[in-house]
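Q: what follows is a predicted protein model with its sequence.
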Amino acid sequence: MARITIADADIHFDCASDDSILRAGLRAGLNLPYECNVGSCGTCKFEVLAGEVKVLSDNAPGLSERDKKKGRQLACQCLPLMDCTIKVRQEEGQSATFPPKRTKAKLIKTVDITHDIREFQFQSAEPATFVPGQYAMLKIPGVSGERAYSMSNLPNEEGIWSFMIRRVPDGAGTKILFDSIQLGDEIELDGPFGKAYFRADSERNIICVAGGSGLAPMLSITRAWSMGSKNPMQHLTFFYGGRQARDICGESLLQELPEFNQQLQFVPSISVVDADTTVAWAGRTGFIHEVMNDFEGVDYANSDFYIAGPPVMTQAILDFLRETHSVPHDRIYFDRFF
Amino acid sequence: MSGVNSVEKNGAIRLCQVKDVLEGNGLQINLPERPPLAVFKIEGQIFVTDDTCTHGNASLCEGEIEDGVVECPFHQGAFEISTGKAISAPCSVHLKTYQPILVDDEVFVNLNETSS
């Protein structure tokens, strides 16, 4: 256990030798800047002023040459080798979410969602505490490192954590999850994490945009919105983009909600037309930001936007919202994974 | 530093005088009913961009400037000032830039014409 001290602030926290400085800080309840937890987004930059750290990934995409020259590191990639003094900027105000905890969870159920996305339900002894839209880091036996997956269900006392995971061709982690892991097997779960959580107190309309396994956090947010007390005029529009007709999912799950086709609208689209002749498609076609552009009923000046999907899709939506519609950044929520 | 100005001339808005901007610095310009702009002076040349970082609610005029690059004070994302290009994570959306119009030592821009 190492003692971490934040320079110029009377703040100390303990960090286990196998824990990152970022996560240990979050566990201690600090409001540290971060998004992805896996070295990609570059939000958790910090400096080690004294002490020594072990760096998990030397070429994390979140750290530019420029950052390296300035002696910066990523707090999510650094494990302490001894007591350290660090320089880090804390976000303003209190953290609005729960400090992450490590726990063990057993696989209790799987459900196929599409040809390559499967829902995995795990159960932990303690309640599943998170805000809809957040993710957890899973450590799967036999797989090196961890994977970040978003919860698709709602927080609950029973300790149930549902994830919708897309099988990655030749992916070591998903191969074990899809082919080897059995009901009753145990994994390590660390969470919750993430800043792209549902802002339930906003009265603006809600636009959820999902692609691939990004369905999970958007579903969790939509379920939370459905359960909550809300203005009867508040609408939620759920855009879902897939490559082919067989990739489209989510509608049957959204149909279970009482607002479906009233306050809640589902707008699916496929981007590769004619590639798949096994499943008929009479719906919209095009990339999801193009579909949004053509779709009347998105009030860009008065909506909150939640985005979860492949990086290319997320970036295209961000560019579209920021540059074409000047949507303020504090109404756009997403976690950046690569 | 910041200034408030909105004198219009042929559709262009006056922002400040060239001498108001210190070499190697940014001057925040607040305009009515739109987010602030930043006027930078790099090696004597004037550049105008949006002042708010594309990643978070931070003023780039408060960031460090080095080698024609401005760094956001919040998460150290960075932009090339001349082009607005986002060059360091977590910033990924480029910054809007505006073509400065210099008339008698005064800086104007036409807000309807972005240069990137």
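A: Sure, I can see it.
Q: kindly report the residues of chain B close to chain A.
A: With Cβ under 8 Å from any Cβ of the partner chain as the criterion, chain B meets chain A at residues B:52-57, B:69, B:74-78, B:87-90, B:92-94, B:96. For glycine as for every other residue, the C-beta is placed from the backbone atoms N, C-alpha and C.
Q: can you turn the buried part of the residues you listed into a PyMOL selection?
A: To isolate the buried members of the residues of chain B next to chain A in PyMOL, using 16 or more other Cβ atoms under 10 Å in any protein chain shown:
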select buried, chain B and resi 52+53+54+55+56+69+74+75+76+77+78+87+88+89+90+92+93+94+96
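Q: okay, and which of the residues of chain B next to chain A map to strands?
A: B:69, B:78, B:87, B:88 (DSSP state E).
Q: quick one: contacts for the second one?
A: Spelled out, that is residue B:78. A:64, A:66, B:69, B:70, B:71, B:72, B:86, B:87, B:88, B:91 (Cβ atoms under 8 Å, 6 or more residues apart in numbering or on different chains).
Q: closest point of the stretch 101-250 of chain A to chain B, which residue?
A: Nearest residue of the stretch 101-250 of chain A to chain B (Cβ to the nearest Cβ) works out as residue A:195 at 10.5 Å.
Q: not counting residues beside it along the chain, what's closest to the residue of chain B found nearest chain A?
A: Nearest residue of chain B to chain A (Cβ to the nearest Cβ) works out as residue B:89 at 2.7 Å. Nearest residue to residue B:89 in three dimensions, chain neighbours excluded: residue A:42, at 2.7 Å (Cβ to Cβ, 6 or more residues apart in numbering or on different chains).
Q: can you get me a residue count around that neighbour?
A: Look at residue A:42: counted by other Cβ atoms under 10 Å in any protein chain shown, it has 29 neighbours.
Q: gap between the residue nearest the centre of chain B and residue A:120?
A: Central residue of chain B (Cα atoms, centre = their mean): residue B:38, 2.6 Å from the mean position. Look at residue B:38 and residue A:120: by Cβ to Cβ, to the nearest Å, they are 47 Å apart.
Q: how about residue B:18?
A: 61 Å.
Q: now swap in residue A:263 and tell me
A: Taken as Cβ to Cβ, the span from residue A:263 to residue A:120 is 30 Å.
Q: ranges for the helices of the stretch 1-150 of chain A?
A: Per DSSP state H, counting those that start in this stretch, the stretch 1-150 of chain A carries helices over the ranges A:21-27, A:65-69.
Q: any chance of those helices in a markdown table, with mean pLDDT too?
A: Listed next are those as a markdown table, based on pLDDT from 0 to 100:
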| stretch | mean pLDDT |
| --- | --- |
| helix A:21-27 | 97 |
| helix A:65-69 | 91 |
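Q: residue A:119 contacts residue A:107, doesn't it?
A: No: Residue A:119 is beyond contact range of residue A:107, at 11.1 Å (criterion: Cβ atoms under 8 Å).
Q: of these two, who's got more company?
A: A count of neighbours by other Cβ under 10 Å puts residue A:119 above the other of residue A:119 and residue A:107, at 20 against 17.
Q: what's near enough to touch the more buried one?
A: Residue A:119 makes contact with A:109, A:110, A:111, A:112, A:113, A:152, A:162, A:163, A:164, A:165 under the criterion Cβ under 8 Å, 6+ apart.
Q: ditto for residue A:313
A: Counted by Cβ under 8 Å, 6+ apart, residue A:313 has contacts A:209, A:211, A:214, A:241, A:287, A:288, A:289, A:307.
Q: in the helix or strand it falls within, what counts as buried?
A: Element membership for residue A:313, per DSSP states H and E: helix A:311-319. Judged by neighbour count (16+ other Cβ under 10 Å), helix A:311-319 contains these buried residues: A:313, A:314, A:315, A:316, A:317, A:318.
Q: for those, give me a markdown table that also has pLDDT.
A: Formatted as a markdown table, these follow (pLDDT from 0 to 100):
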| residue | pLDDT |
| --- | --- |
| A:313 | 93 |
| A:314 | 92 |
| A:315 | 91 |
| A:316 | 94 |
| A:317 | 95 |
| A:318 | 92 |
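Q: how about these in JSON lines, adding distance to residue A:218?
A: Shown next, in JSON lines, are the buried residues of helix A:311-319 (distance: Cβ to Cβ, whole Å):
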{"residue": "A:313", "distance to residue A:218": "12"}
{"residue": "A:314", "distance to residue A:218": "12"}
{"residue": "A:315", "distance to residue A:218": "17"}
{"residue": "A:316", "distance to residue A:218": "16"}
{"residue": "A:317", "distance to residue A:218": "12"}
{"residue": "A:318", "distance to residue A:218": "16"}
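Q: tell me which two of those sit farthest apart.
A: Largest separation among these by Cβ to Cβ: A:313 and A:318, giving 9.6 Å.
Q: please identify every residue contacting each of the two.
A: residue A:307.
Q: ok, back up a step: show me which of the contacts of residue A:119 are buried.
A: Listed as buried from these are A:110, A:113, A:152, A:162, A:163, A:164, A:165; burial here means 16+ other Cβ under 10 Å.
Q: pLDDT below threshold where in chain A?
A: For chain A, applying pLDDT under 70 flags the ranges A:274-277, A:337-338.
Q: at 80 instead, please
A: Scanning chain A for pLDDT under 80 picks out the ranges A:93-94, A:96, A:273-279, A:336-338.
Q: point me to the residue of it nearest chain B.
A: In chain A, the residue that lies nearest chain B is residue A:42 (2.7 Å; Cβ to the nearest Cβ).
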